[in-house]
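In: turn this into a structure:
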Amino acid sequence: MKIYLVGGAVRDTLLGIPVKERDWVVVGSTPEEMIDLGYKQVGTDFPVFLHPDNKEEYALARTERKSGQGHKGFVTDVEQSITLEEDLKRRDITINAIAKAENGDLIDPYKGGEDIKNRVLRKVSDAFQEDPLRVLRVARFASQLKYLGFSIEKQTLKTMKSISQSEELNTLPRERIWQETYKALKERNPEEYFKVLIQSEAIYKLVEKKFDINLKILEKISTEILEPEQRWAALATNSDCDLDVLNRVFGVPKKVRELCDILGRLIHFDINLKPEEVRNHEVLGLIEEVDGLRRNSRFIKILKILDAYNHSDFQLKSTFIPWEVLSKQLVAVKPSSPELKDKEVAKDIRLQRLKIIDQELKKNG
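Out: This next block holds a predicted model:
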């Protein structure tokens, strides 16, 4: 049995960027031998084992044969005779199909090292088109490596378009789509992920209706906002983007959908009212409706997105409401007298808050 370091760890080492995790492939072994050596088997689709000490993943060398639709429609073979080259051939792009032996030698049968030098994302083989998830994965790698000058090779992009034109993308579980999207949102250039989904026509198969994202806004906001949940919520700045549909198609979790909704409501409020038209009770009502006082930290996070948007060339026409200053002042309000009871307390606090809003609106109006 022989063990090789594979995938992202080898790629990132060659690129000179930090290695996030290490994966290993084991050639010439069996599940029984791995278990006897103390490895713990995990995974149901094919044998993957956790190292008894460091818990890193070790997978038996395998081949796959298409047997149905989707990214799980494969029959897996883990025979002891399967070679390293056969295992690497089933991988998505060449820069992920390089292995490193225990003595440090690189095994690179599909010229991934050359593609790293040339900054190219290229499919390993025609088997690429059998897994629709690879469209999203390549889009994610494009977002991860854009700052290093990587681009997608023409034939690979053509294959991605072919996958998009089939029904395969619609077989992907929403949770799996969100996993890839979430990873892309954590990268330096998340806008590149959506750009590739547009170029490959994948977005049109997934959404199946009008889709328009201003990638320049997302790029600008992402220079100031690093959290992936907030970056996704920033899509609410796109008036021509049906975010409800995107949230459903991309399997966006409820807590992130709530961020989108609140930001959208703030933008709509700011755009559609002039300073002289705003009433203090309307401002307080909106803040209370979005739970901006009880969950003030979440509200502040959303306001950071709004601030980043207003720092761009696409800022709102009307930005006269100091939401963050207001919310912090409103949260700090206490009853004006210890002798107030029940409903009197609520009425007193409300009146104080309305007065604060009036004062701030006058300052900024």
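
In: from here on, contacts and neighbour counts on C-alpha atoms
Out: OK.

In: now do the SS call for Glu79.
Out: Reducing the assignment to helix, strand or coil with DSSP: H, G, I helix; E, B strand; the rest coil, the entry for Glu79 is coil.

In: give me every residue that touches it.
Out: Applying C-alpha atoms under 8 Å, 6 or more residues apart in numbering to Glu79 gives the contacts Thr30, Ala61, Arg62.

In: quick one: which of those is nearest Tyr4?
Out: Of all the contacts of Glu79, Tyr4 sits closest to Ala61, with 10.0 Å by C-alpha to C-alpha.

In: got the phi/psi numbers for the closest one?
Out: Dihedral angles phi and psi of Ala61 (degrees, to the nearest 10) take the values phi -60, psi 140.

In: what segments of the stretch 151-300 of the chain are strands?
Out: Per DSSP state E, counting those that start in this stretch, the stretch 151-300 of the chain carries strands over the ranges 151-152.

In: which residues touch the longest helix along the chain?
Out: The single longest helix within the chain, with elements called by DSSP state H, is helix 342-364. Contacts of helix 342-364 with the rest of the structure, by C-alpha under 8 Å, 6+ apart, involve 275, 280-281, 283-284, 320-322, 326, 329-330, 333-336.

In: change it to 7 Å
Out: Contacts with helix 342-364, where a contact means C-alpha atoms under 7 Å, 6 or more residues apart in numbering, come from Asn280, His281, Phe320, Ile321, Leu326, Leu330, Val333, Lys334, Pro335.

In: how about the contacts made by the first one?
Out: So that's Asn280. For Asn280, the residues meeting the contact criterion (C-alpha under 7 Å, 6+ apart) are Leu354, Ile357, Asp358.

In: could you report the neighbour count for the last one?
Out: What it means is Asp358. Burial measure for Asp358: 16 neighbouring residues, criterion other C-alpha atoms under 10 Å.

In: the second one now?
Out: Other residues within reach of Ile357, judged by other C-alpha under 10 Å, total 25.

In: tell me who's in contact with Ile302.
Out: Taking C-alpha under 7 Å, 6+ apart as the definition of contact, the neighbours of Ile302 are Leu259, Leu263.

In: need phi/psi at it.
Out: Per degrees, to the nearest 10, the backbone of Ile302 is at phi -70, psi -40.

In: again with Gln80
Out: Phi and psi for Gln80, reported as degrees, to the nearest 10, are phi -60, psi -20.

In: so how far is Glu324 from it?
Out: Noted for Gln80: a distance of 62 Å to Glu324, by C-alpha to C-alpha, to the nearest Å.

In: what about the stretch 151-300 of the chain, any weak spots by pLDDT?
Out: Counting by pLDDT under 70, the stretch 151-300 of the chain shows low-confidence ranges at 209-211, 272-273, 275.

In: pick out the lowest-pLDDT one from the contacts of helix 342-364.
Out: For the contacts of helix 342-364, the minimum pLDDT belongs to Phe320; the value there is 66.

In: run through the helices of the stretch 1-150 of the chain in chain order.
Out: Using DSSP state H, counting those that start in this stretch, the helices of the stretch 1-150 of the chain run over residues 8-15, 31-36, 84-89, 112-118, 133-145.

In: which one of those is the most hemmed in?
Out: Greatest average neighbour count among those goes to helix 133-145 (a mean of 23), per mean count of other C-alpha atoms under 10 Å.

In: same for that helix, what does it pack against?
Out: helix 174-185, helix 190-199 (3 or more C-alpha pairs under 7 Å, 6 or more residues apart in numbering; DSSP states H and E).

In: list the buried ones in the first one?
Out: With burial defined by 16 or more other C-alpha atoms under 10 Å, the residues of helix 174-185 counted as buried are Ile177, Trp178, Glu180, Thr181, Tyr182, Lys183, Ala184, Leu185.

In: related to what we said a few turns ago, so for Asn54, which of the helices and strands packed on helix 133-145 sits nearest?
Out: For Asn54, the closest of these is helix 174-185, at 23.8 Å, according to C-alpha to C-alpha.

In: of all the contacts of helix 342-364, which two lie farthest apart?
Out: Phe320 and Pro335 (28.3 Å).

In: which residues touch stretch 200-217?
Out: Counting by C-alpha under 7 Å, 6+ apart, 157, 160-161, 164, 169-170, 191, 197, 238, 240-241, 245-246, 249 sit against stretch 200-217.

In: ok, Arg11 to Asp244 distance?
Out: Between Arg11 and Asp244 the distance, using C-alpha to C-alpha, works out to 37 Å.

In: repeat that for Asp291.
Out: From Asp291 over to Asp244 the distance is 20 Å, taken as C-alpha to C-alpha.

In: ditto for Glu224
Out: Taking C-alpha to C-alpha as the measure, Glu224 falls 25 Å from Asp244.

In: which ChimeraX command selects the buried ones in the contacts of helix 342-364?
Out: Selecting only the buried entries of the contacts of helix 342-364 in ChimeraX, with 16+ other C-alpha under 10 Å as the criterion:
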select :280,281,320,321,326,330,335
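
In: in helices only, show me the contacts of helix 342-364.
Out: Secondary structure defined by DSSP H assigns Asn280, His281, Leu326, Leu330 of these to helices.
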